[in-house]
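1. A structural model of the following input is requested.
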Amino acid sequence: MVRIVRATQVELESAVQALRDGELIAFPTETVYGLGANAQNPAAVRKIFELKGRPASHPVIVHLDSPRFLHRWVREVPEPANRLAEAFWPGPLTMVMPRAAHVHDVITGGQDTIAIRVPAHPMAQQILTAFGGGLAAPSANRYGRISPTRAEHVREEFGDALRVILDGGECQIGLESTIVAFAGDQVRLLRPGSVTAAQLREVVGELAIGAEADSPRVPGGTPTHYAPSTPLTIVPAGEVDAQADAASSGGRRVAVLAQRLPLRSHKYVTWINAGRRPEAYARDLYNNLRTLDRAGCQRILVQSVPDGEAWDAVRDRLVRAATNIADSDDGTGTMAVLP
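-> Below is the predicted model:
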């Protein structure tokens, strides 16, 4: 059972003051921990990009405590967005809509759209309500690396660089939000998350899947992302033990993230059995990858996850974590998957 904690009045006051001073805070959401800044303060938002090492063209999500404040950030709300907000907000769904005229380019990556979410975590709601405004908040980690699902992950990542880190316990979902965008009445799924395509279809009917050339850029949309420092390779489910043996030959240390226990003893292998339940696997994924990344191994082998929509978000994160950007001008991604 995931323990969800509420902030004390002292913690809230400290966080609100830091935001008003133009500083950054870290706070929990039900998905991952966010690195938050006053979304109406461009200089403060730029600090997010500096601290994370995030490209300026990569937009950030603005978090609100209620849909009633959408008009402050969005030029017009597509009709399907109203239905999705009613069904899934507060919750792990981000919607990309036309931005209001005053929204700064630093928020949108220079695009004419803005990504908005209303998080469900009670501590996120507390800080948003107490602050009384929107928070620009990507995940609280270095750009492209593993997202944090515990406060200690944020501390490991940034040390004393943050004045306030609100500890709301372990994130309940553990993977970033589902992202959708709109083109007229069409709804397009741009990033899978715990709100599934089937759930979206129940609300809006037809749903387009995946980005097109003219789709807005969204967080986590680059070919490589969510990656540990240790090279990660996805291996077929039936070959995990054999690949672990091969990769650890000659005394090389290897880490394995699987959905079962090993079939035999592997002398130089650190093995985590993450189980077969997609929700639990997703919740623990980033913590497990961080554990294996610290194990002093030369490679992380990850058992390929099952087909099916329940695993779509996990599969998306693992594929991006296993993708290496080639040394070429076009930044082509090549996925590391052993045959």
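2. Just to check, R299 is in contact with I234?
-> No - the pair R299 and I234 does not pass the contact test of CB atoms under 8 Å, sitting 11.6 Å apart. Placement of C-beta: from N, CA and C, glycine included.
3. does Y286 sit in a helix, a strand or a coil?
-> Under DSSP: H, G, I helix; E, B strand; the rest coil, Y286 falls in the helix class.
4. Against D214, how distant is it?
-> Y286 sits 31 Å away from D214, going by CB to CB, to the nearest Å.
5. For those two, indicate the residue with more neighbours.
-> Neighbours were counted for Y286 and for D214 using other CB atoms under 10 Å; Y286 has more, 27 against 6.
6. The more buried one touches R145, doesn't it?
-> No - at 9.8 Å, Y286 does not count as touching R145 under the criterion of CB under 8 Å.
7. Give me the common contacts of the two.
-> Taking CB atoms under 8 Å, 6 or more residues apart in numbering as the contact rule, Y286 and R145 both touch Y226.
8. Now do the same for L93: its pLDDT.
-> What the model reports as pLDDT for L93 is 98.
9. swap in L19?
-> At L19, pLDDT is 98.
10. quick one: it and N41, what's the gap?
-> On the measure of CB to CB, L19 and N41 end up 8 Å apart.
11. Give me the more crowded residue out of these two.
-> Taking other CB under 10 Å, L19 and N41 do not tie; L19 has more neighbours (25 against 19).
12. domains for the chain, by residue range?
-> Using automatic domain parsing, the domains assigned to the chain come out as 9-209, 232-335.
13. any idea of the pLDDT on I4?
-> So, for I4, pLDDT stands at 66.
14. Please enumerate the helices of the protein.
-> Secondary structure of the chain by DSSP state H: the helices cover 9-20, 42-52, 79-88, 105-108, 122-131, 151-158, 197-204, 240-247, 278-293, 312-321.
15. Output the ones you listed in TSV, with distance to R188 appended to each entry.
-> Formatted as TSV, the helices of the chain follow (distance: least, CB to CB, whole Å):
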stretch	distance to R188
helix 9-20	32
helix 42-52	26
helix 79-88	11
helix 105-108	17
helix 122-131	26
helix 151-158	31
helix 197-204	10
helix 240-247	35
helix 278-293	22
helix 312-321	15
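16. which one of these lies closest to I61?
-> Ranking the helices of the chain by proximity to I61 (CB to CB) places helix 105-108 first, at 9.1 Å.
17. Would you mark the buried spots in that closest one?
-> For helix 105-108, a neighbour-count test (16 or more other CB atoms under 10 Å) marks 106-108 as buried.
18. Over to stretch 247-266?
-> 247-248, 253-259, 266.
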